[in-house]
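# following is a predicted model, sequence given first.
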Amino acid sequence: MSITLLNLYPTPADLQRLVLDGMRRSPRQLPAWMLYDAEGSRLFEEICRQPEYTLTRREITLLEQNAAAIAAATGPGLVVEFGIGSARKVDALLRALGSSVFAALDISVSALEDALSGLANQHPSIAMMGICCDHTQLEQLPQHPALDGQPCIGFFPGSSLGNFTPQEAVQFLANARKLLRGGPLLLGLDQPRDPAQLKAAYDDAAGVSAAFARNLLTRLNRDLDGDANPEHFRYRASWQVHEQRIEMALVSTRDQTVRLAGDAWFFRDGEAWITEYSVKYSPTSAAELAQRAGWRIQQRWHDDEDHLSMHLLQPAD
Ligand SMILES: C[S@@+](CC[C@H](N)C(=O)[O-])C[C@H]1O[C@@H](n2cnc3c(N)ncnc32)[C@H](O)[C@@H]1O
């Protein structure tokens, strides 16, 4: 059993710069990865267990049902997973591919460590490589003997691409194309459907999604010397039909000043601080997006109700 961890976590100066940039935006918005400190990763797992949030359960079933067909379509290679979280989805794929090496990327070091030790127990013969990084900034895989020379198979489930704006998503996909060295990308996307159902998934009755969003303030207070009071913001998830996305935000419940990263930021009563988006992609919009980033969709697998799909992207030329 072997696990190697590389730490390329953004520096405190990077974090400070990103926060300053995000707080100067209108509306204010920081990169979605900042939601994932250890507590954020834990809360995300709890969201996945909520009855309203069906994506995780559906995607695992879809992968288990189609792993052999997916492996036949990709051929063998080094699986590189973007944003592994708790590693609940890659198991069937690793088995079907008969992999000997696996590389996982995640910004949350606690999630990455737990994920790889759990996977290593299930797959003792696979060499596990974890890279703690912001994968939007990783242009190539680090130099390491375990990662050299093998064709890559990218794996990006969870509809996490939807956290980006379409423009950011194109940049991410174009970058992933280089990083994967000509190999394919298996991309899980959630599709537009009944807005009430979608809204409930991102604003569960137990309040876990709200706690996940508020935890952003707690982590900023800790890591960037902030004084935001999570109780002075209410959580809101809304469906934006034009953009085909759920917008998640913390809405200020009063006029207030928040100190963060050495600056003071004034929030009006009712002002929204966007915590993340979840853009939904129909098969047509997914194909357009892939094409803009230099990919083509070779094959698509979807669940029984056609709520979400796994796309196999190949470099367009
Ligand atoms: C929505 S969760 C999905 C987890 C898992 N892939 C799934 O499908 O259940 C997003 C995961 O990606 C990680 N993540 C988010 N943004 C990231 C970034 N820019 N770079 C690296 N990891 C990121 C988070 O820490 C988290 O574990």
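Ah, there it is. Since the structure is predicted, the reported quantities are computational estimates derived from the model, not experimental observations.

# I'd like the next helix or strand past the strand or helix carrying Glu39.
Take DSSP states H and E as the rule and Glu39 turns out to sit in helix 38-48. Moving toward the C-terminus from helix 38-48, the next helix or strand (DSSP H and E) is helix 55-74.

# next, the angle from that next one to helix 38-48.
Calculated by axes from the mean of the first three to the mean of the last three C-alpha atoms, to 10 degrees, helix 55-74 forms an angle of 90 degrees with helix 38-48.

# wait, does helix 55-74 contact the ligand?
Yes - Helix 55-74 is in contact with the ligand by C-beta under 6 Å from any ligand atom, via Thr56. The way it works is simple: take the backbone N, C-alpha and C, and place the C-beta from them, glycine included.

# pairing partners for the helix or strand just after that helix, with directions?
Counting by DSSP H and E, the element after helix 55-74 in chain order, helix or strand, is strand 78-82. With DSSP bridges as the test, strand 78-82 is paired with strand 101-106 (parallel), strand 152-156 (parallel).

# the first one and the ligand in contact?
Looking back up the chat, that one is strand 101-106. Yes - using C-beta under 6 Å from any ligand atom, strand 101-106 reaches the ligand at Leu105, Asp106.

# list the contacts of that strand.
If you take C-beta atoms under 8 Å, 6 or more residues apart in numbering as the criterion, strand 101-106 is touched by 36, 78-85, 87, 90, 94, 112, 115-116, 119, 123, 126-133, 135, 138, 141, 146-147, 150.

# apply 6 Å and report the result again.
For strand 101-106, the surrounding residues in contact (C-beta atoms under 6 Å, 6 or more residues apart in numbering) are 78-84, 112, 126-131, 133, 135, 146.

# ok, now the last one?
Strand 152-156 is contacted by residues 74, 77-82, 176, 180-181, 183-187 when judged by C-beta under 6 Å, 6+ apart.

# show me what counts as buried in stretch 276-289.
By neighbour count with 16 or more other C-beta atoms under 10 Å, stretch 276-289 contains the buried residues Glu276, Tyr277, Ser278, Val279, Lys280, Tyr281, Ser285, Ala286, Ala287, Leu289.

# end to end on that stretch, go ahead and measure it.
One end of stretch 276-289 sits 19 Å from the other (C-alpha to C-alpha, to the nearest Å).

# hmm, it touching the ligand?
No - against the ligand, stretch 276-289 shows no contacts by C-beta under 6 Å from any ligand atom, the least distance being 8.8 Å.

# let me see the mean pLDDT of that stretch.
Stretch 276-289 shows a mean pLDDT of 98.

# and the stretch 51-200 of the chain, which residues reach the ligand?
By C-beta under 6 Å from any ligand atom, the residues of the stretch 51-200 of the chain that approach the ligand are 56, 83-85, 89, 105-108, 111, 134-136, 157-158, 160.

# give me the subset of the residues you listed lying in helices.
Per DSSP state H, helices hold the following members of these: Thr56, Ala111.

# can I get the buried part of the residues of the stretch 51-200 of the chain next to the ligand as one PyMOL selection?
A single PyMOL command selects the buried members of these (16+ other C-beta under 10 Å):
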select buried, resi 56+83+84+85+89+105+106+107+108+111+134+135+136+157+158+160
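
# quick check: closest non-adjacent residue to Leu260.
Closest residue to Leu260 apart from its sequence neighbours, by C-beta to C-beta, 6 or more residues apart in numbering: Gly226 at 4.0 Å.

# Asn7 now?
Cys132 (4.9 Å).

# show me the beta-bridge partners of the one you found.
Cys132 forms beta bridges with Asn7, Asp106, as assigned by DSSP bridges.

# quick check: it touching Leu112?
Yes - with contact defined as C-beta atoms under 6 Å, Cys132 reaches Leu112; the gap is 5.4 Å.

# which of the two has more neighbours?
Applying other C-beta atoms under 10 Å to Cys132 and Leu112 shows that Leu112 carries more neighbours, namely 26 against 20.

# please verify my assumption that the more buried one contacts Ile131.
No - assessed by C-beta under 6 Å, Leu112 is found out of contact with Ile131, at 8.0 Å.
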